[in-house]
Every structure is written in C-alpha cells, then in structure tokens.
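# with the sequence up front, the predicted model follows.
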Amino acid sequence: MSLGRTPDFYRYVEHPISGAQRDGDFVVIRWPDGEEMRAYALWLFENRMGDESIDERTRENKLDPADLPSPEALSGVAVAPNGDLEVTWRGYPPSLYHSGWLRHVHEGRHTQSAHIPPVRTWTVSTLPELPTFNGPHVLQNDEALRAWLTALAELGIARLVELGSDEEVVTKVGLRIGALRDTNFGTTWAVTADLDPGSVANTALPLAPHADLPTRETPPGYQLLHCQVNDCTGGLSHMTDGYAVAEYLRDNEPDVYGILSRAKWIFFNRSPDHDHRWSGPLIDHGGPDSPLTFRTFHPVRAFPDMPESDVPLAYEALRRFSALARSDEYQLRSVFAPGELVAFDNRRILHGRGPFSETTGRRVLRGAYVDHDEVHSRLRVLMRRHQTARISDGPE
C-alpha cells in the first residue's frame, strides 16, 4: 500500500523548501522566495506520516497527548532530495513533511475560513435580483453546486429554478450539501396557511423581517425554502441582508448598534408540546470567531432580560432596526414562483413576506435547515477539488 504524504486526503502542489534549521524547540523552514515558517517540535511529531502519529486509514491523529515525548526528542532537520522537510527523532523513526502541505499551513489555508469566499454585503441597489442558478444542474453537477454554494456563502442568499413541485425536492437539495438539521418542526416542514397553526408562519398574516429559531442556543445556519404551489394574491417574498443593516448602524448610529448588541431578550416558543428558551441580544456576536447571529423573530421575543434602564433604549433601537430592515433601501421583494428554491443564511438574512389572500389560491412552501458547518464543509471540498484538478502527482 502506498502511504500518504499529508495528514488529510487533499493534494498539494510541490513547494520545495530551501532550508531548515533548529531554533530551540522550533524548526525554522525557509522557501526560496524568502518566506519562513516556524513549526513547534511536538506539532511536527503529531503529524508524522507513515502510519506513525497519523492513522493511515483516517488521516487523523492517533496519539494520546499524555504519550507525547519531550520536545527534546527532536534530533535534527534537513531538506530532503525532493524539497520536503526531513526530521529525525531520538528513539523514533525519521519523518517527512510535504513541502506543499507545509506551505499551505504557512499561508493560512488551513483555517476555518479557508476556501470560503469573503462575505459581501448588499442592498437593493447593489443586488436588485436574487442570484439564480439552474436547479437540476446543481443536483447533478459538482461545478454547478460549487458555483451556487459560493454565491450562497458570499451573499448569504441564492436561488435555484426549474426544480418542479415534488415534495422531496428540498430534501434532495439539502442532502446534496450535507446532513439536514432536525428541529421540533421535523427535518422538513411545510409553510402553509393552517386552520390550527403552530406558528404565525403558518398563517396568511404578514411576516416582519426575521431569522428563524432565536429560541435556540445556536439557531440553524442556512434555510432552504422550496415553493411547490403559489397561485394566491399577495405574499411577496421579502429578503434583507442583516449584515448590511448592522454595518450601517455600526458606522452611523453607534448608540443604536450598541444597545442592539448588548441588551438581551428572552425568546421562547409558545407551544403546548415544546418549551425552547434562550436569552440573547438581537445582534448576537456570540463568542470569539462565532458568526454574527440575528435573533429577530419577534413572535417569540417575549421578555426583556436587561437592566430596567436599558428597556426604553432597547425598544427604540428595536423600532429603528426593524424600520431599516423593511425599508425600500434594504428589503428585496420578489414573487416566489413554483419550482423555485431559495437558500439563505438564517443567521444573516432577515426574511419575511407580505400578507396573502387564502381565498384566491394556495401558497405551499417546504423548508429545511442545513447548518453552516455542512455548507462550508461541502464548499471546501468542492473548492479544493476545483483548485487541485490540474495537479499531476495524483491522489494520495
């Protein structure tokens, strides 16, 4: 069996190093263009290939940290004939490190943002129509899927067309990305006007700009909505880039932005069978490196959870934020046609609808959630396959 050269299943362009030397417990790696990388001895030890530290089958680390040697086990470093890094150890076999793999770490292409396009905020003037892709092509072709997910990650929203009205469409599209997220509404759920609705979404009432399930510690990442039937009067689909609204407030009305980011509300779903609750601000920054989350489904925003002195300010900020979110400048309105599926970042894009008449026809949507992790994982795999398609050294 040919052993892998990197602790993953990707391919890397060779990027031969020009030199290597020890600096205490670190190894200084140099390239001909003058770039340098410092690698700690035990990090290199954890990434030994040849079925030593890295399990060959899974490409995962199989060491218990308690069994790591002292960094003094590092004995020597050299440049291998092919330009890889060669490291010798006291009491352990020598190890080789792919020069291209080392370079990708040095350049930061190993981080959580790797291969994910940067966010681009939008208003109605910069995005007058939803970015649109052929649905059957996305279901069948990886390059079409990559293009659609790239737009989705960048803009927070992207539409598929020509998907028909079958109830399983939203499941097929979701599974094309990854695992569907289950909730008390199920892995997929209908949005219709019900006689006994479990949510105001299942009425003909208008819906203000909102993000789903602020009652959860971590609301769903992306939402998929597929239109099966829509022959009623009214019910335009409304979409607002929450990031764009937040950017405006941060830069121009910092006091409003500050209270929206600080003052917490208790959200809970009023249901005979479920009692999900969470407390958080409308603009929720979460922890370090967490994605910005908007908790803005006002039908389940129940109680102020803030000092009394903040309550009047919080209501004024809430009014201001909501007015901007539904304004002509920020809110994109469109007809939701049968056979279309709109995917959007549920923690970023504030969605809503206008009222519609139940007596003039039917409006039937089917939805599902897919977490950020699933979308980003699929996109990374597709992006890296695309970028490495011309590498000639074959799969490892």
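Structure's in. What do you need?
# any idea how far residue 140 is from residue 211?
Residue 211 sits 31 Å away from residue 140, going by Cβ to Cβ, to the nearest Å. Heads up, the C-betas are built off the backbone N, CA and C, glycines and all.
# ditto for residue 260
Distance check for residue 260 against residue 140: by Cβ to Cβ, it reads 43 Å.
# who has more neighbours out of the two?
residue 260 (25 against 11; other Cβ atoms under 10 Å).
# give me the three-state assignment for the more buried one.
On the three-state scheme (DSSP: H, G, I helix; E, B strand; the rest coil), residue 260 is labelled helix.
# next one: it, what pLDDT does it get?
What the model reports as pLDDT for residue 260 is 98.
# got it, and residue 197?
For residue 197, pLDDT reads 45.
# cool, and residue 355?
Residue 355 carries a pLDDT value of 77.
# pass me the low-pLDDT residue ranges in the stretch 101-250 of the chain, would you?
193-206 (pLDDT under 70).
# please enumerate the strands of it.
132-134, 157-161, 188-191, 207-210, 222-230, 237-241 (DSSP state E, counting those that start in this stretch).
# ok, residue 20 - contacts?
27, 28, 29, 30, 77, 78, 79, 85 (Cβ atoms under 8 Å, 6 or more residues apart in numbering).
# from those, list just the buried residues.
Neighbour-count burial (16 or more other Cβ atoms under 10 Å) is assigned, among those, to 27, 29, 77, 79, 85.
# now, among those, which is nearest to residue 295?
residue 29 (45.0 Å; Cβ to Cβ).
# confirm the closest one sits in a helix?
No - checked against three-state DSSP, residue 29 lies outside a helix; its state is strand.
# can you tell me the element residue 311 falls in?
Assigned by DSSP states H and E, residue 311 falls within helix 311-325.
# ok now that helix, how far from the chain's centre?
With Cα atoms, centre = their mean, to the nearest Å as the basis, helix 311-325 stands 27 Å off its chain's centre.
# for it, name the packing helices and strands.
If you count contacts as 3 or more Cβ pairs under 8 Å, 6 or more residues apart in numbering; DSSP states H and E, helix 311-325 packs onto strand 207-210, helix 242-252, helix 254-262.
# residues contacting the shortest one, please?
Yep, that's strand 207-210 we're talking about. For strand 207-210, using Cβ under 8 Å, 6+ apart, the contacting residues are 200-201, 238, 240, 296-298, 322, 325-326, 331, 350-353.
# so which of the residues you listed wins on neighbours?
Comparing the contacts of strand 207-210 by number of neighbours (other Cβ under 10 Å), residue 240 comes first, having 29 neighbours.
# tell me the SS of the spatially closest residue to it that is not a sequence neighbour?
Of all residues not flanking residue 240 in the chain, residue 350 sits nearest, at 4.3 Å (Cβ to Cβ, 6 or more residues apart in numbering). Three-state call for residue 350 (three-state DSSP): strand.
# would you confirm that residue 350 contacts residue 296?
Yes - if you go by Cβ atoms under 8 Å, residue 350 and residue 296 touch, sitting 6.0 Å apart.
# which residues do those two both contact?
209, 210, 211, 242, 325.
# what's the closest of the contacts of strand 207-210 to residue 249?
Ranked by distance to residue 249 (Cβ to Cβ), those are led by residue 325 at 10.5 Å.
# wait, isn't the closest one in contact with residue 244?
No - at 9.6 Å, residue 325 does not count as touching residue 244 under the criterion of Cβ under 8 Å.
# just confirm residue 344 is within a helix.
No - assigned with three-state DSSP, residue 344 falls outside any helix and is strand.
# what sits closest to it if chain neighbours are left out?
residue 157 (4.1 Å).
# look at that neighbour and say how many residues are nearby.
Neighbour count for residue 157, taken as other Cβ under 10 Å: 24.
# next, the contact list for it, please.
By Cβ under 8 Å, 6+ apart, the neighbours of residue 157 are 130, 131, 239, 241, 342, 343, 344, 345, 349.
# can you redo the helices and strands packed on helix 311-325 as TSV with distance to residue 173?
Formatted as TSV, those follow (distance: least, Cβ to Cβ, whole Å):
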stretch	distance to residue 173
strand 207-210	22
helix 242-252	23
helix 254-262	33
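# quick one, which of those is packed in tightest?
Stretch with highest mean neighbour count among the helices and strands packed on helix 311-325: strand 207-210 (a mean of 22; mean count of other Cβ atoms under 10 Å).
# list the pairing partners of that strand within its sheet, with orientation.
Taking DSSP bridges as the criterion, strand 207-210 sits next to strand 349-353 (antiparallel) in its sheet.
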